[in-house]
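Starting from these lines, generate the structure:
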Amino acid sequence: MSHAEVDLRLDEAGAEATLRRSSAELEPLVIEVELRLQALAEALREREAAAIEQQAQALHQAMATALQRFIHAAHHGVVPDPLRLRLSRAGAQLARHREALSRATSALDRAIDVLMPGATLDGQVYTASGMATPRQVLGGLNA
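Reported below is the predicted structural model:
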């Protein structure tokens, strides 16, 4: 075996060791993000405002820590592709949760607008007999 082949094998062994070390450091972070996503999904299903807030904060912290460590690992070594893919999937799932929450908030805002129309110039929304002033309907009358 030549000297170049020995150097190549040592380089490969070193790269494998770096990859294993990186996996061992990053795997728990990805697991934490995945667990926090599951907990947030459960809180959203249960419609528990306090639990949603708590899980969202925990997920934010877990994701920030994971991203920071992934960036560090990318600059100083190797990020294993399977872990990179799992974190990417977690980010996509987070985006789906965010979109669903945004849609729900918009629907709630529309429902509130229907139930509580804007105040009139004198600050009244409703009077004893109903709306402060009747709404004008283009081309027709309000019943």
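
dump the residue contacts of Val33.
Leu59, Ala62, Met63, Ala66, Leu87, Ala90 (Cβ atoms under 8 Å, 6 or more residues apart in numbering). Where you see a C-beta, it was placed from the backbone N, CA and C, and this is true even at glycine.

Sticking with the fourth one, tell me its helix or strand.
When secondary structure is defined by DSSP states H and E, Ala66 falls within helix 49-76.

mind listing what's buried in that helix?
Ile52, Gln55, Ala56, Leu59, Ala62, Met63, Ala66, Arg69, Phe70, Ala73 (16 or more other Cβ atoms under 10 Å).

Out of these, which comes closest to Ala17?
Ala73 (14.1 Å; Cβ to Cβ).

need the contact list for the closest one.
Counted by Cβ under 8 Å, 6+ apart, Ala73 has contacts Ser22, Glu25, Leu26, Val79.

same thing but at 10 Å, please
Thr18, Arg21, Ser22, Ser23, Glu25, Leu26, Leu29, Val79, Pro80, Leu83, Arg84 (Cβ atoms under 10 Å, 6 or more residues apart in numbering).

mind checking how far the third one is from His76?
Shown here: Ser22 relative to His76, a distance of 9 Å by Cβ to Cβ, to the nearest Å.

With the second one instead?
Plainly put, Arg21 is 11 Å away from His76 if you go by Cβ to Cβ.

Could you confirm Leu44 falls within a helix?
Yes: assessed by DSSP: H, G, I helix; E, B strand; the rest coil, Leu44 belongs to a helix.
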